[in-house]
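Whatever this is, show me its structure:
(one chain, ligands or ions: 1)
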Amino acid sequence: MSPHILALDVAGAPHRWINVREAAQYYATDMIAWATGTNEFLLRGGTQRSTGIQSLIRANSIIAIKGKDFIVRNFDQVAALTKEMLLARDRYVCAYCAQRFRFDQLDMEHIVPRSKGGENSWMNLVAACKACNNRKADRTPEAAGMKLHYVPYVPNRYEAFILSNRKILADQMEFLLQGVPRNSRMRSIA
Ligand SMILES: [Zn+2]
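Numbers count the residues shown, from 1 in each chain. As a prediction, the model looks like this:
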């Protein structure tokens, strides 16, 4: 899988990750407002009928796209939660035994069990290994006598962009970290 390009709105708010093919379309239709990354991708465009030469487009790794359809209006909206993002937030460390595991050895664990009204939310889910998850079962941490080794939190927009892409380029990471709070655990992965 080739790296993705970070698409921003004209004000610089992260809009979404796009693939190289999508970026080529924005370049071809003159939709790029500005670019700021240090990495470049060479994209193949169409072939000119008269010359038979294929055009090449240079795309930046971070691009701002014009147009009102591209303005980020829901900046503070809580990011949709996926298992990939949650386990990345928790650094693949079980919240109860504090050991590090592989992706497939961890579950999303409800701190307050669903049977007791616990939600599927960033604040009620943590990474847990199978053994701890089984031991805790359908109980709260207090009832199970199991202490949380870290506290859950809701990632902001910039953190969510970091969590949702496992192949971030260094310049993209640097850009996104500017929007990550100083005290975030995220800062120790970069
Ligand atoms: Zn564990």
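
Spit out the contact partners of the nearest residue to Lys136 once chain neighbours are set aside.
Leaving aside its chain neighbours, Lys136 sits nearest to Ala144 (4.6 Å; criterion: C-beta to C-beta, 6 or more residues apart in numbering). Just so you know, the C-beta spots here come from the backbone N, C-alpha and C atoms, and that holds for glycine as well. Counting by C-beta atoms under 8 Å, 6 or more residues apart in numbering, Ala144 makes contact with 135-137.

Most neighbours among those residues, which one?
Highest neighbour count within those: Lys136, with 21 neighbours (other C-beta atoms under 10 Å).

hmm, back to that, in TSV: the contacts of Ala144, plus secondary structure.
Shown next, in TSV, are the contacts of Ala144 (DSSP: H, G, I helix; E, B strand; the rest coil):
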residue	secondary structure
Arg135	helix
Lys136	helix
Ala137	coil
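
element containing Glu84?
In this structure, Glu84 sits in helix 83-89 according to DSSP states H and E.

Run me through the strand neighbours of whichever helix or strand comes after that helix, direction for each.
Later in the chain than helix 83-89, the nearest helix or strand by DSSP H and E is strand 106-110. In the sheet, strand 106-110 lines up against strand 125-129 (antiparallel) (DSSP bridges).
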